[in-house]
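Structure for the following, please:
(chains A and B)
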Amino acid sequence: MLQFTEISKRYGPVTALDDVSFRVEEGTVTGLLGPNGAGKSTLMRLLVGLDRPTSGTATVAGHRYRDLGWPLRVLGTHLGGRPVHRRRSARAHLRSVAQTHGLARRRVDEVLELTGLAEVAHRAAGGFSLGMGQRLGLAGALLGDPAALVLDEPVNGLDTDGVRWIRQLLRMLADQGRTVLVSSHLMSEVQLVADRVVVLGGGRLLADTTVAELASRARDEVVLRTVERGADDRLRALLPEAAILPVDDPVDGGAWRVTGASEREVGLAARSADLTVLHLARETADLEAGYLTLVGEQGQQGQQVAAEEVR
Amino acid sequence: MSRRNTAVAVGATPAALVALVRSEWGKAWSVRAPAACLAGAVLLAAATAFTLANDQVRAMQTGELPLGTPVGVPEVLASAVAFAQVVVVLAALQLVTPEYASGQIAITFLSHPRRWVVMLTKTAVAGALGALAGLLSGPLCVAATELVLGDAPRVTVPATEAAVVTAGAFACAAMIAVALGFLTRSGVAALSTAFVLLVLTLAAPAATGQVFPGVAGGALVSGTGDPYTRGVALLVLLAWVAASVGAAVVSVERRDA
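Numbering: from 1, shown residues only, chains lettered A, B, ... in the order given. Next up, the predicted model:
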């Protein structure tokens, strides 16, 4: 449905995107992840023709966005912020957008209702909070009842109810067969709602995979808390393959995070070392851990390449 | 909400263009600023005509001008239009530069991704708004001037003719303003440039000034043949509209939004 093929974007000497290719399938929610400056927003702007690619193509349903006859009926887009005339009311703003596609006024009322803005639709958008602005942006994206949605950080500024509402909305849209590409810094939200994740770093594609697969890249950890100090040396002697790092715990200095050993192995080692165990539990790797592992690995590789280039 | 749209329509259609025009026209009236500026332009033109005519009458009363000197209503109208068109420019810029300032231009381009069509549509809407203000301003200026002159001798101009030429001058100024708005993406920069092109050039030496739209607008409105006929004036104005709009289309299509 959404296809990026060898797409690159350079701003003078800065490479924002470098030869990125991936596809977003119908009926899925795909999370677009990456640190600040990774190229997530640029990628979205290239898809909808707001920026021109230096090379490569981005298509929606097999067509360039600018070639679509009624684009908002195919792809709804919210690129964050509050891109509305400050003195125009929310309803007037949406009506002007609806008019470009011959959509009925009733449709404007529907999306206002859906996004919880019906009560404030008469107010000038300039007075909206960040969260209300996000809802207005989403209302605009949903206006054409599109087959696909591209949303850049849609939960920014939303309260807890708003975040949950977005999560449910995105899931519902995907279940209806729509394609959703959503960027977010909130890994927990992406993990809850996304089927797949695309990770960008330094303008390059680092991963295009399922949430579960990315999460599995981080190894499970075992957290051990004891009353003894210096327990790590005793554990290391018994678990030479494991990595043992102190937990940043201001209350109890005797807490350790162990990777490379199972919960059972750590427990048996603790007993052999005659440690008094206060707490022993396995922490399952999640999307955030997998993402950090991936980005960390890429960062180390980048540093190694840079060091070799210097030599 | 159900999933309704499955077929993908490709390519521009006349219906999409009509829808875009309706949207842009509606946007122009959905905030107060453009309408307020247009009303301001009409009132400013009338007030300026009233003041200039009054100055002429006073000059005759004080002996500065010989009694019985005929007052040229076309010249009064041209001066009033030259002054008021700056406010028309301001109204036209309301269609463009606030969209760049707020980021709404992205929504506009997402709704209709052929940017040059958006640009030409906004130009046409601004031209229509300018013409509307001109149709009101021209006769109002003539009426205000006639009111002041009373029985004083004058070279007059029919109200209908005043309406048409003022509409033409305001429409051209508005269209140039929209092009400048797209070129500069800044209200201050566009207004400053328009002020230079439309007003400051009136003070330039005749040989230089006559190629600019300010002088051409004056010649179109006054119809006195100074420095050229209305036909030539219209051609000069349209050349400026075409050049500025053409430059804006190229710029808007080439750069990132």
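
and the closest residue to residue B:224 other than its chain neighbours, how many neighbours?
Once flanking residues are discounted, residue B:224 sits nearest to residue B:74: 6.0 Å by CB to CB, 6 or more residues apart in numbering or on different chains. For glycine as for every other residue, the C-beta is placed from the backbone atoms N, C-alpha and C. By other CB atoms under 10 Å in any protein chain shown, 21 other residues sit near residue B:74.

helix, strand or coil for residue B:74?
helix (DSSP: H, G, I helix; E, B strand; the rest coil).

so what's it up against?
Taking CB atoms under 8 Å, 6 or more residues apart in numbering or on different chains as the criterion, residue B:74 is in contact with B:155, B:157, B:221, B:222, B:223, B:224.

tell me which of those residues is nearest to residue A:238?
Set against residue A:238, the nearest of those by CB to CB is residue B:221 (97.2 Å).

Spit out the contact partners of that closest one.
Counted by CB under 8 Å, 6+ apart, residue B:221 has contacts B:74, B:77, B:78, B:81, B:82, B:162, B:165, B:166, B:169.

Sort out for me which of the residues you listed are in helices.
B:74, B:77, B:78, B:81, B:82, B:162, B:165, B:166, B:169 (DSSP state H).

which parts of the stretch 151-300 of chain A sit against chain B?
Contacts of the stretch 151-300 of chain A with chain B, taken as CB under 8 Å from any CB of the partner chain, map to A:172, A:176, A:177, A:178.

Now, of those, which are buried?
Neighbour counting with 16 or more other CB atoms under 10 Å in any protein chain shown marks residue A:178 as buried within those.

which of the residues of the stretch 151-300 of chain A next to chain B lies closest to chain B?
residue A:176 (4.4 Å; CB to the nearest CB).

Three-state assignment for residue A:7, please.
strand.

So which residues of the stretch 1-150 of chain B form helices?
B:14-30, B:32-61, B:73-93, B:97-102, B:104-111, B:115-149 (DSSP state H, counting those that start in this stretch).

okay, those, which one's buried deepest?
For these, average neighbour numbers computed from mean count of other CB atoms under 10 Å in any protein chain shown are highest in helix B:73-93, which has a mean of 26.

tell me the mean pLDDT for that one?
Per-region confidence: helix B:73-93 scores 96 on mean pLDDT.

Farthest-apart pair in the residues of the stretch 151-300 of chain A next to chain B, please.
A:172 and A:177, at 11.0 Å, using CB to CB across these.

Dump the residues of the stretch 151-300 of chain A next to chain B to TSV, plus secondary structure.
Shown next, in TSV, are these (three-state DSSP):
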residue	secondary structure
A:172	helix
A:176	coil
A:177	coil
A:178	coil
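
Now render the residues of the stretch 151-300 of chain A next to chain B as CSV, adding pLDDT.
Formatted as CSV, those follow (pLDDT from 0 to 100):
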residue, pLDDT
A:172, 90
A:176, 91
A:177, 91
A:178, 93
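
So which of the residues of the stretch 151-300 of chain A next to chain B is the closest to residue A:200?
residue A:178 (22.6 Å).

Test my guess that that closest one contacts residue A:146.
Yes - the pair residue A:178 / residue A:146 is scored as a contact, 7.3 Å apart, by CB atoms under 8 Å.

returning to that earlier point: so how far is chain A from the residue nearest to residue B:224?
39 Å (CB to the nearest CB, to the nearest Å).

Need phi/psi at residue A:150.
phi -120, psi 120 (degrees, to the nearest 10).

Run through the bridge partners of it.
On the basis of DSSP bridges, residue A:150 is bridged to residue A:77, residue A:181.

Pull up the per-residue confidence for it.
Here, the pLDDT recorded for residue A:150 equals 97.

which residues touch it?
A:2, A:44, A:47, A:48, A:75, A:76, A:77, A:78, A:79, A:141, A:181, A:182 are the contacts of residue A:150 under CB under 8 Å, 6+ apart.

show me where chain A has helices.
Going by DSSP H, chain A shows helices at A:40-47, A:71-74, A:90-99, A:105-114, A:130-142, A:160-175, A:187-193, A:211-216, A:231-238, A:263-272, A:287-310.

Those helices: lowest mean pLDDT?
helix A:287-310 (a mean of 65).

measure residue A:62 to chain B for me?
With CB to the nearest CB as the criterion, residue A:62 and chain B are 8 Å apart.

What is the neighbour count of that residue?
When counting by other CB under 10 Å, one arrives at 10 neighbours for residue A:62.

Could you pull up the contacting residues of it?
Residue A:62 makes contact with A:3, B:8, according to CB under 8 Å, 6+ apart.

Which residues of the stretch 101-250 of chain B lie near chain A?
So far as CB under 8 Å from any CB goes, the stretch 101-250 of chain B lies against chain A at B:102, B:103, B:104, B:105, B:106, B:107, B:109, B:110, B:111, B:112, B:113, B:114.

same thing but at 10 Å, please
B:101-115, B:118 (CB under 10 Å from any CB of the partner chain).

Nice, that's everything, thank you.
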